[in-house]
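Q: Here is the input, now give the coordinates:
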Amino acid sequence: MSDCLFCKIIAGEIPSTKVYENDAVYAFRDIAPMAPVHVLVVPKEHIPSADGVNEQNSTYVARIFEAIPKIAASEGLSNGYRVITNCGEDGCQSVKHLHFHILGGKKLPETMA
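A: Numbering: from 1, shown residues only. Okay, here's the model as predicted:
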């Protein structure tokens with residue numbers, strides 16, 4: 001998608017700090033981290049949100065979740081981490097490209113309030 005921020009990052013049109021990449025997944029550091037480690041993991045195929053996952057593209061989600069433990073280990077998150085995705089306006093999804101946040105590097109709060 002030509003106007004999608006994450007598609008442009010994946011294509012190398014916008015710089016990012018890459019931490020992992022394979023044929024289906026790209027992961028990079030969040031520019032406004034909410035924890036000592038804050039990595040975004042995105043499919044290389046444009047999927048607008050979790051609501052856009054279907055039988056034709058769900059393998060990308062599987063590939064992301066295969067990559068997450070590798071990324072977490074490479075970031076030194078041996079004591080645990082959180083994986084989050086936001087969906088839609090009420091879910092505070094700011095970029096309309098499916099992405100998962102890996103947060104860690106400290107004890108995270110139990111509640112979102």
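Q: C-alpha only now, for contacts and for neighbours.
A: OK.
Q: in this protein, which spans are strands?
A: Listed in chain order, the strands of the chain (DSSP state E) span 18-21, 25-29, 37-43, 81-84, 100-104.
Q: remind me which residues of this structure are low pLDDT?
A: For the chain, the stretches with pLDDT under 70 are 1, 112-113.
Q: repeat that with 50
A: For the chain, applying pLDDT under 50 flags the ranges 113.
Q: A27 touches V41, doesn't it?
A: Yes - in terms of Cα atoms under 8 Å, A27 counts as a neighbour of V41; the distance is 4.3 Å.
Q: for the protein, what's the longest helix?
A: helix 58-74 (DSSP state H).
Q: do you know which of the strands of the chain lies nearest A50?
A: With Cα to Cα, the closest approach to A50 among these belongs to strand 100-104: 9.9 Å.
Q: Run me through the strand neighbours of that closest one, direction for each.
A: Using DSSP bridges, the strands paired with strand 100-104 are strand 37-43 (antiparallel), strand 81-84 (antiparallel).
Q: Could I get the contacting residues of the spatially most central residue of the chain?
A: Taking Cα atoms, centre = their mean, the centroid of the chain lies closest to V41, which sits 2.5 Å from it. With contact taken as Cα atoms under 8 Å, 6 or more residues apart in numbering, V41 is in contact with 25-28, 64, 68, 99-102.
Q: so how far is stretch 38-48 from its chain's centroid?
A: When C-alpha coordinates are averaged (Cα atoms, centre = their mean, to the nearest Å), stretch 38-48 and its chain have centres 5 Å apart.
Q: What of stretch 76-91?
A: The answer for stretch 76-91 is 8 Å, by Cα atoms, centre = their mean.
Q: Over to stretch 36-51?
A: Using Cα atoms, centre = their mean, the offset of stretch 36-51 from its chain centre is 3 Å.
Q: What residues sit buried inside it?
A: Neighbour counts over stretch 36-51 (16 or more other Cα atoms under 10 Å) mark 37-44, 46-50 as buried.
Q: What is the end-to-end distance of stretch 14-30?
A: 13 Å (Cα to Cα, to the nearest Å).
Q: hmm, who's touching that stretch?
A: Here stretch 14-30 makes contact (Cα under 8 Å, 6+ apart) with 5, 8-10, 38-45, 60, 63-64, 67, 71.
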